[in-house]
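>>> A predicted structure for the sequence below; I have some questions about it.
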Amino acid sequence: MESLAELWRRLLFLLRRRQFDRDLAEEMRFHLDMKSRESGMNAARRQFGNAALLQEDCRDAWGWRTLERIFQDVRYAFRTLRKAPGFAAVIIVTLALGIGVNTAVFSLVDRLLFRPLPFPESDRLETIFFRNATSTNDSLSYPTYQLFRDQSEVFASLAAYDDVTVNIRFGDDDEAVPGEIVSANYFDVLQVRPIWGRTFRPEEDQVPSRDSVIMISQELWQRRFGGARDVLGRHLKVNGHDFTVIGVVPSGFAGVQIDRQSKPEIWTPIMSYPTVIPWADAVDLLHYRDDEWLSATGRLKAGVSHKQASARIAQLTEQIKSLWPEGMIANEKSAGLLIPANESRFPVGSRTAVTRFLTMLMTIVGLVLLIACANVASLLLARGVKRHKEIGVRGALGAGRARLAQQLVSEGLLLSLAGGAAGIAATLLVQRLLAG
């Protein structure tokens with residue numbers, strides 16, 4: 001183990017490298033002159049030996065040999081690549097495209113299929129589905145939702161929701177705004193808190209059209225209200241009716257489902273359906289059991305497993321068939337089941353198609369990366385053949401195979417780092433294009 005004095009000497013050598021080289025060259029010239037006076041210049045050089053090797057031995061004694069060689073290799077690699085900018089640019093661009101596209105596509109696949117939903121303990125969230133002989137869907141009527149909510153006994157809370165698009169007037173402008181119509185406990189089930197204001201109260205979701213309250217997204221708040229803190233209490237004209245803003249939902253919140261063309265920007269209670277759903281006036285959505293327009297996701301109680309909850313949902317589905325033999329569930333001979341919300345972010349019917357498409361996409365971009373690596377390898381081999389004479393000269397001057405290999409590896413690593421950095425920029429660009 002090196003002493004502190006030895007360590008300090010080596011650090012000083014790194015800091016004063018140029019001064020050391022000048023002093024060493026001066027001393028070597030002095031000794032060579034002294035010997036040449038005694039036996040002539042040619043004999044003195046033979047006795048003195050290879051000056052370059054002696055300099056290397058002195059540097060090894062004073063500094064860190066491995067670290068010195070790495071620095072030398074990096075500097076030499078940088079100078080070499082700077083003399084061949086076209087070659088370096090082709091390598092870097094090729095790696096950037098291969099790495100960037102693959103990373104962006106893998107990030108997309110991870111977000112759509114593998115990454116858990118961005119809610120606390122999302123593994124406890126379950127979505128109710130119904131399967132018959134021909135299909136699987138997550139649609140249920142409001143009476144069916146009430147029965148599952150009140151009698152399932154496996155959910156700490158069960159929320160219902162559906163996509164809507166409403167027309168909102170902002171000054172003299174009308175804008176079609178996507179959103180969701182949700183039960184009052186929707187944000188509590190997902191454990192999402194507004195950044196400003198509050199969520200819906202239970203009494204605001206009991207009587208149709210009585211409490212016209214609305215929550216807006218942070219994006220809509222910034223776009224239409226400039227982030228004004230007095231947005232709470234303002235009135236919005238939603239489909240021609242006044243709604244009061246009570247809260248601002250955090251940026252990026254998109255609910256449970258992600259198979260929608262645009263993120264929701266407003267949320268209203270289910271009891272506002274006569275206003276926000278245009279065709280609702282002709283149908284009694286609160287009591288008509290055949291009109292399946294809602295989806296339901298709940299948070300399991302502590303200690304309740306997925307298997308136990310699924311068995312209870314299947315049991316309740318059979319009870320619904322006997323209670324409402326004229327209902328849609330009984331008519332279609334559906335069986336109730338639970339699917340973890342992390343796996344049901346796409347409708348079950350389209351999940352297989354989406355998975356196949358994303359698998360095919362990953363295969364294609366993987367082949368693109370493989371081709372890019374093969375092209376880079378071919379270019380490096382061609383450059384190596386072209387540098388055969390240079391490498392031969394360096395070997396003749398005393399460079400061993402390991403030393404030459406280390407130098408070539410340093411050039412490859414430098415190109416890889418530059419390609420990786422460019423790949424990060426390409427990833428950000430491709431992700432922006434995919435998001436757009």
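Sure, I can see it. Residues are numbered from 1 along each chain as shown.

>>> list the helices and strands the top helix by length along the chain packs on?
In terms of residue count, the longest helix belonging to the chain (DSSP state H) is helix 348-386. When contacts are defined as 3 or more C-beta pairs under 8 Å, 6 or more residues apart in numbering; DSSP states H and E, helix 348-386 packs onto helix 85-109, strand 136-137, helix 401-435. For glycine as for every other residue, the C-beta is placed from the backbone atoms N, C-alpha and C.

>>> Pass me the low-pLDDT residue ranges in the stretch 151-300 of the chain, would you?
259-261, 280-282 (pLDDT under 70).

>>> where do the strands sit along it?
For the stretch 151-300 of the chain, the strands defined by DSSP state E, counting those that start in this stretch occupy 155-170, 173-182, 196-197, 213-217, 235-238, 241-249, 266-269, 295-300.

>>> Out of those, which gets nearest to A335?
strand 295-300 (15.8 Å; C-beta to C-beta).

>>> What is the closest one packed up against?
Secondary elements touching strand 295-300 (3+ C-beta pairs under 8 Å, 6+ apart): strand 125-131, helix 142-151, strand 155-170, helix 186-190.

>>> of the ones you listed, which approaches L294 most closely?
strand 155-170 (4.4 Å).

>>> Next, format the strands of the stretch 151-300 of the chain as CSV and append distance to V376 and mean neighbour count.
Conversion of the strands of the stretch 151-300 of the chain to CSV gives the following (distance: least, C-beta to C-beta, whole Å; neighbours: other C-beta atoms under 10 Å):
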stretch, distance to V376, mean neighbour count
strand 155-170, 47, 19
strand 173-182, 45, 18
strand 196-197, 51, 17
strand 213-217, 44, 25
strand 235-238, 56, 17
strand 241-249, 46, 20
strand 266-269, 50, 25
strand 295-300, 47, 24
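
>>> Same list (these) but as a markdown table, adding distance to V105.
Listed next are these as a markdown table, based on distance: least, C-beta to C-beta, whole Å:
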| stretch | distance to V105 |
| --- | --- |
| strand 155-170 | 27 |
| strand 173-182 | 26 |
| strand 196-197 | 36 |
| strand 213-217 | 27 |
| strand 235-238 | 39 |
| strand 241-249 | 29 |
| strand 266-269 | 32 |
| strand 295-300 | 28 |
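
>>> among these, which is nearest D73?
It's strand 213-217; of those, that one is closest to D73 (C-beta to C-beta) at 53.4 Å.

>>> Direction included, what does the closest one pair against?
strand 241-249 (parallel), strand 266-269 (antiparallel) (DSSP bridges).

>>> TSV please, covering these and showing distance to E332.
Listed next are the strands paired with strand 213-217 as TSV, based on distance: least, C-beta to C-beta, whole Å:
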stretch	distance to E332
strand 241-249	35
strand 266-269	29
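
>>> what's the closest of the ones you listed to V393?
Among the strands paired with strand 213-217, strand 241-249 sits nearest to V393 (C-beta to C-beta), with 68.8 Å.

>>> now F30: how far from S36?
11 Å (C-beta to C-beta, to the nearest Å).

>>> The two: who's more crowded?
S36 (16 against 10; other C-beta atoms under 10 Å).

>>> The more buried one in helix, strand or coil?
State at S36, reduced to three classes by DSSP: H, G, I helix; E, B strand; the rest coil: helix.

>>> cool, and L113?
Under three-state DSSP, the three-state class of L113 is helix.
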